[in-house]
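Enquirer: For reference, the sequence and a predicted model appear below.
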Amino acid sequence: MDAETSPDEPLPEMPPARSRWRGRILRGLAWTIGGIVALFAIILWGIDTGPGHRLIADRIAAMRPSSGLRIRIGRIDGSLWSAATLRDVRLYDSQGRFFEAPVIKLDWRPYSWARNKLDINSLSADLIILDRLPKLKPGRPGAPILPGFDIRIGKLTVDRLRLGPDVAGSKRAVRLAEIA
């Protein structure tokens, strides 16, 4: 026998089996939650890449609201989570294109959607072309025109606004001062 252990010394107590199972379950639960959080972070990061931007633009183009409004975005540069540049933005109704903007700069906070708000710090465009007023299909009688969430635009800048003859009687170019 070894000098350090004696046969009369009691063996260490083992934790009850129930406690071991509880520990395993808690560890498994922690790993599962950690995995879900990591997956969510990877998805958020992936959306803010070139292919993610293309996916968002394609999803927006695929939307078909009952009003007939369709939105096309040629490309999204920058970050979807703060400052983005939207290129070749076009709006269509059932009769075709009525709005076009080559470049729109957007500084916004998409996280405010969790609080049912659209929070835009600044929205700017060098040129906006409004060929005609849209002819959208009417919604349900008595239904609200705007979506059911708060919209805040801190600063709106449009350097040149071109109005088509259907809007202003003849082609017009308008410069808008900064609206804040």
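Expert: Yep, that arrived. Numbering: from 1, shown residues only.
Enquirer: tell me the contacts of Ile104?
Expert: Listed by CB atoms under 8 Å, 6 or more residues apart in numbering, the contact partners of Ile104 are Thr85, Leu86, Val89, Leu123, Ser124, Ala125. Bear in mind the C-beta positions are built from the backbone N, C-alpha and C, glycine included.
Enquirer: Go ahead and build a ChimeraX selection from the buried members of those residues.
Expert: Selection of buried members from these for ChimeraX, criterion 16 or more other CB atoms under 10 Å:
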select :86,89,123,124,125
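Enquirer: Among the contacts of Ile104, find me the one that's closest to Leu161.
Expert: For the contacts of Ile104, the closest approach to Leu161 (CB to CB) belongs to Ala125, at 8.7 Å.
Enquirer: I'd guessed that closest one sits against Val158; true?
Expert: Yes - between Ala125 and Val158 there is a contact at 5.3 Å, judged by CB atoms under 8 Å.
Enquirer: which residues do the two both contact?
Expert: Joint contacts of Ala125 and Val158 (CB under 8 Å, 6+ apart) do not exist.
Enquirer: Helix or strand next in line after whichever strand or helix holds Gly23, which one?
Expert: If you go by DSSP states H and E, Gly23 is part of helix 17-47. Counting by DSSP H and E, the next helix or strand C-terminal to helix 17-47 is helix 50-62.
Enquirer: Spatially, what comes nearest to the most centrally placed residue in the chain if we skip its sequence neighbours?
Expert: In the chain, the residue lying closest to the centroid (CA atoms, centre = their mean) is Pro110, at 5.6 Å. Counting by CB to CB, 6 or more residues apart in numbering, the nearest residue to Pro110 once its immediate chain neighbours are dropped is Trp81, at 6.3 Å.
Enquirer: Where does that neighbour sit: helix, strand or coil?
Expert: The assignment at Trp81 comes out as coil when based on DSSP: H, G, I helix; E, B strand; the rest coil.
Enquirer: Looking at it now. What's its pLDDT?
Expert: Turning to Trp81, the model gives it a pLDDT of 89.
Enquirer: Distance check, it against Lys137.
Expert: Distance of Trp81 to Lys137, given as CB to CB, to the nearest Å: 33 Å.
Enquirer: The two: which is more packed in?
Expert: Trp81 (14 against 11; other CB atoms under 10 Å).
Enquirer: List the residues that contact the more buried one.
Expert: Trp81 neighbours (CB under 8 Å, 6+ apart): Leu44, Asp48, Pro110, Tyr111.
Enquirer: Pass me the low-pLDDT residue ranges in the protein, would you?
Expert: Residue ranges of the chain with pLDDT under 70: 1-8, 10-18, 144-147, 177-180.
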